[in-house]
Structure formats: structure tokens, C-alpha cells
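>>> Build the 3D model from these lines:
(one chain, ligands or ions: 2)
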Amino acid sequence: MTAHQKQTAKSGLAVVLAAGEGTRMKSGLPKVLHQVAGRSMLANTLAAVTGSGIERIAVVVGPGREDVATEARRAAPGAAAFVQHERLGTAHAVLAARTALEQDCDHLIVVFADTPLIEPATFRALRAALDGGAAVAVLGFEASNPAGYGRLLIEAGELVAIREHKDASDAERAVTLCNAGLMAIDGARALEILASVKADNAQKEFYLTDVVSIARAKGLRAVVVRAPEEEVMGVNDRVQLAAAEAIAQRRLREKAMREGVTMIAPETVFLCHDTKIGRDTIIEPNVFFGPGVSIGEGVVVKAFSHFEGARIANQSSVGPFARLRPGADIETGVKIGNFVEIKSARIGAGSAVSHLSYVGDASVGVKANIGAGTITCNYDGFDKARTEIGDGAFIGSNSALVAPVRVGAGAYVGSGSVITKDVEPNALAVGRGRQFEKAGWASAFRKAREGKEKKRV
Ligand code: UD1
Ligand code: CA
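Ligands and ions are numbered 1, 2, ... in the order given. Take a look at the predicted model:
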């Protein structure tokens, strides 16, 4: 049996603390619902918890925070929400999930929901530390600026206590090994240890950090598991939110590049936690990916393009300045050119929408050509309607296709048409004023005005 199998054979409960008001965010939105890499900090944290293979999840939310509970259930469908009615400290918050703690588990993991960069492997490392015989395993890091953090006090190689900054002596404040806020506690002892926490400190709060000295007093061991500072950074304000975003973006870009994606200026490409990009795809500078985007292999994404909820198959080319909105489904070898917007539309293999078009609520067959400035008029102010364009159709430039409407396979639409009726396959449809010509009209016009002064504004 590998170490990993041994751990997952044990039952675990994660209590995720999300009851923070986040006043320093200066926001109408609860702190943990602010986003990093295109999803809430809570969802990022829960993804790491779920990814570590933990079986049960309890999320502690503030009173009246149904929005936070809903987001928790969306991100981790099995999660149970508990309300902490008064904000009396981190140990008190964990005990809000008492009914979850009362069910047997081997490992209790406590997680702060404002730590969005945490990775699944770190939870596994904390659990492995318990398997090594400790009753408490605390995640620690070397802080570049330890102010505000709890300090990990080590004696003879053993973790003896965590001292909150406000309660620490000058000598203790000199310690740079800090508490990241995550810990694992032996499930069999967790309730007993947590129930022993008292609020006898500078902030009159029930500190989770006291579990270390309480466990020691009971003759149990506490250990430190170290993590890089970058992974455990907490977000309390929008400056830290941006710092966390920068780290998340760097990780996502590096992962994509390691998997075979070329980025000419990676620092200008913004990815989402779920962005999928195939090998040998080239991303030019200044490209933004929102949620739900999947890009195939050998695609060229030209500069200044914006994507959300879109799929692009292999060997296509998109941009510069393209906007692909939800439901854009681009098949193989398609060309989407500059200033083109696509929404809820499938573009068949080998087709081209090369310039200045809006294609929405539509389906375009294979090898069709959509001329410059084509617009699918999909909305009448009340309802959306669909446009269907058949295989090999050719839509002349500056045409308006007034949906619902179909252009049959192989048909031509003359430039500048307003098409309101279906077009038969292989037909030519022209819907515009007919051109007429009056020979010599211009010369006659000028002659009649001879000698008059030309007015200029
Ligand atoms: C906490 C730790 C500190 C650690 C730091 C790491 C304690 C006592 N201190 O301090 O050692 O270095 O995190 O970032 O644990 N929460 C509740 N209910 C409460 C209080 C807090 O749900 O009654 C939640 C908060 O929303 C937050 C987390 O617990 O997600 C941590 O609380 P916070 O007050 O931010 O603790 P820190 O002072 O940062
Ligand atoms: Ca904090």
C-alpha cells in the first residue's frame, strides 16, 4: 500500500472557515466571494480541499450569509453549511460545525477560506503528519513580513505553542516562522481539544491556535508542516487580492506553457482556473480568458482577443481583437478575424468570418464565407431568433440577416443585402435598392451651378 492509499483509506472532515466580514475589502460582497483566477476565493479553497480527496466538508458562514452557503454548495456539492452566530474567534468558528465534528473521523482539517492559493498536496502532507503520530499538524511558513501572523514557537524540534502577534513578547515577535492558519487535528481528540480552548488573550477570542498548547498539556505531539509563503498567503484587502491573482496567473501560465502552449508575452495573458489550451497553440499578447474556454491544438490566438464560454477546435485562427462569448463553438480550421463577435453560434469547419461581423444565435455550415460587416439581427427587443447558414454559403459584405432566417447551402447573398426571407440552396439573394445610372447627370448639375461660390463650413 502506498502512503497515499493509506491516507485516503482514512476518513477526513474539512471545516472551512468562511465567516469573515472582510471589512478591509470595503465591499458589499463578502470577502470570500471575491474572485481569484475567475472563481471565488471560497471555490478555490474548496477545489483544493476536494482535490486532496477529503470525504466530508463543512463550511462555516456568518449569520444571514446564504450567498456564501450557496457558493459553497455550488463549488463542493456535498458540503454542509453551518452558521457561526457570533464572531468569537477561530476555535469558536470551528465549533459552529459541532454536529459534523461529532461524527467519527480520523482527521479534522481546518482551512481558512481566504487562502485561495492553497494546493491539494498540502492537505495531504498535513494528514500524513498525523499518520506519523502527531495529534496536531500546523501549516507553517517563513514570512517575509511576519507582523500580524501567529508565531510558531519551537523547542527542541517540537512545536510547543502558537503565539498570536498581539499576545507575543518582543523575543517571540522576532520569530519569522508563522502560522498559515491551516491545521490538521487527530479526529478522535479534536472535539475534546477544541472544547478546552478559552478566550484568555488580548483579543478575548477563542483562538484555534491554542490547540497546540492544549494538546501538549495532554501529552500529545504537535508538528509543523512547511509550505511556501506564496501558497498560504491570506487575502484581507484588495491589494492582497491582486497579489494573489498575480500568483495564480503565473501558475496557470506556467502550467499551460509546460503543456506545450506558446505565449509570446505570458505576463499579458489572463487565464481562468478552468482554461484548457491544446499543444502548439500560440497565444499572442494581451489575451483574456474568462470561465469555460477550451482551445484545441495548433490554434493561433491573435492579440487583444477576449473569450468566455467558448470552444475552438484545432488549427483555427482567431483575432486580433476577436470577442468570443458563451456558446461560441468554432470548428476545425476556421478563421475568425479582426473585430468579430460570436455568441451562441457554431461555425463549421473551414469557414471564415474574417472581418467586423456579429454572428449570434446562429449556425454556420462548413466552408462558408461570411463577408466583412455581416450582422445576424437576432433580437427584436423581446425575443432572440436563430440564423442558419448552410455549407459553402457566401454572404456578401455588409449584409444584415434578420432572424429567424435560413440561407441554404451554396447560396450567395449579394453585398449590402437585408435578408428577411429564407434563401434556397444555391440561389442568389439580393435585398437592396437597385443601382441605376443617369448618363451625364453630374456634368449637367455642375454646369447649372457655374459661377456660384462654393460654400464651406
Ligand atoms: C489567524 C491565526 C494566525 C495566523 C493567521 C494566518 C488564529 C487565532 N490566528 O489570524 O495565527 O497567522 O490567521 O492568516 O487563528 N473566522 C471566523 N470566525 C471567527 C473568526 C475568524 O470564521 O470568529 C475566520 C475568518 O473569516 C478567516 C479566518 O477565520 O477566514 C481567520 O480569521 P482572522 O480573524 O482573519 O485571523 P487572523 O487574525 O488573520
Ligand atoms: Ca486573516
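>>> Counting neighbours, which bits of stretch 133-141 end up buried?
For stretch 133-141, a neighbour-count test (16 or more other CB atoms under 10 Å) marks 134-141 as buried. Every residue, glycine included, has its C-beta placed from N, CA and C.
>>> What's the mean pLDDT across the longest strand along the chain?
Using DSSP state E, we find that the single longest strand of the chain is strand 177-186. Strand 177-186 shows an average pLDDT of 96 in the prediction.
>>> Could you list the residues in contact with the following helix or strand past it?
Downstream of strand 177-186, the next assigned helix or strand under DSSP states H and E is helix 190-195. Defining contact as CB atoms under 8 Å, 6 or more residues apart in numbering, one finds that helix 190-195 is touched by 91, 94-95, 98, 101-102, 108, 135-136, 185, 208, 211, 214-215, 218.
>>> cool, and stretch 329-338?
296, 302, 310-322, 324, 342, 345-356, 366.
>>> So which of those residues are in strands?
Of the positions in these, 311-312, 317-318, 324, 342, 345-347, 352-355 sit in strands, assigned by DSSP E.
>>> Drop anything exposed from those residues.
Here, 16+ other CB under 10 Å leaves 311-312, 317-318, 324, 342, 345-347, 352-355 buried among these.
>>> In contact with the residue lying closest to G373 once chain neighbours are set aside, which residues?
Of all residues not flanking G373 in the chain, N398 sits nearest, at 4.2 Å (CB to CB, 6 or more residues apart in numbering). N398 makes contact with 371-374, 415-416, according to CB under 8 Å, 6+ apart.
>>> try 10 Å
Contacts for N398 (CB atoms under 10 Å, 6 or more residues apart in numbering) come out as 356-357, 371-375, 415-418, 432.
>>> got it, and G89?
95, 197, 199, 201, 203-210.
>>> Kindly write the ChimeraX command that selects the buried subset of these.
With 16+ other CB under 10 Å as the criterion, this ChimeraX line picks the buried residues out of the contacts of G89:
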select :95,197,201,205,206,207,208,209,210
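>>> Of the contacts of G89, which ones also sit close to ligand 1?
207-209 (CB under 6 Å from any ligand atom).
>>> which one of the residues you listed is nearest A161?
A161 lies nearest to T209 out of those, by CB to CB, at 8.0 Å.
>>> Does that closest one belong to a helix, a strand or coil?
Under the three-state scheme (DSSP: H, G, I helix; E, B strand; the rest coil), T209 adopts helix.
>>> What sits closest to it if chain neighbours are left out?
Closest residue to T209 apart from its sequence neighbours, by CB to CB, 6+ apart: I162 at 3.7 Å.
>>> thinking again about what came up before, I'd like the buried ones among the ones in strands among the contacts of stretch 329-338 laid out as TSV, including distance to ligand 1 and pLDDT.
Listed next are those as TSV, based on distance: CB to the nearest ligand atom, whole Å; pLDDT from 0 to 100:
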residue	distance to ligand 1	pLDDT
R311	36	98
I312	38	98
S317	45	98
V318	40	98
L324	36	98
I342	40	98
A345	42	98
R346	44	98
I347	45	99
A352	51	98
V353	47	98
S354	50	98
H355	50	98
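>>> and the residue of the stretch 301-450 of the chain found nearest ligand 1, how many neighbours?
When scored by CB to the nearest ligand atom, the stretch 301-450 of the chain has E308 as its residue closest to ligand 1, at 29.4 Å. The number of residues packed near E308 is 19, by other CB atoms under 10 Å.
>>> Contacts only, for it.
Contacts for E308 (CB under 10 Å, 6+ apart) come out as 38, 272, 288-293, 323-328, 343.
>>> For this protein, give the helix that spans the most residues.
Using DSSP state H, we find that the single longest helix of the chain is helix 238-258.
>>> and it, average pLDDT?
Rounded to a whole number, the mean pLDDT of helix 238-258 is 97.
>>> Dump the C-alpha coordinates for that helix into CSV.
The C-alpha trace of helix 238-258 is given here as CSV (Å, rounded to 0.1, in the frame of the first residue of the first chain):
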residue,chain,number,x,y,z
ARG,A,238,-7.8,44.3,-2.5
VAL,A,239,-4.1,44.8,-2.7
GLN,A,240,-3.6,41.3,-1.4
LEU,A,241,-6.3,40.1,-3.7
ALA,A,242,-4.4,41.5,-6.7
ALA,A,243,-1.2,39.9,-5.3
ALA,A,244,-3.0,36.5,-5.1
GLU,A,245,-4.3,36.9,-8.6
ALA,A,246,-0.8,37.6,-9.9
ILE,A,247,0.5,34.4,-8.3
ALA,A,248,-2.5,32.4,-9.6
GLN,A,249,-2.0,33.8,-13.1
ARG,A,250,1.7,33.0,-13.1
ARG,A,251,0.9,29.4,-12.1
LEU,A,252,-1.7,29.0,-14.8
ARG,A,253,0.5,30.4,-17.5
GLU,A,254,3.5,28.3,-16.5
LYS,A,255,1.3,25.2,-16.4
ALA,A,256,0.0,25.9,-19.9
MET,A,257,3.4,26.6,-21.3
ARG,A,258,4.8,23.4,-19.7
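>>> Tell me the buried residues in it?
241, 244-245, 247-249, 251-253, 256.
>>> Summarise which helices and strands the helix or strand just after it is packed against.
Going down the chain from helix 238-258, the next helix or strand is strand 262-263, by DSSP H and E. Contacts defined by 3 or more CB pairs under 10 Å, 6 or more residues apart in numbering; DSSP states H and E place strand 262-263 against helix 238-258, strand 282-283.
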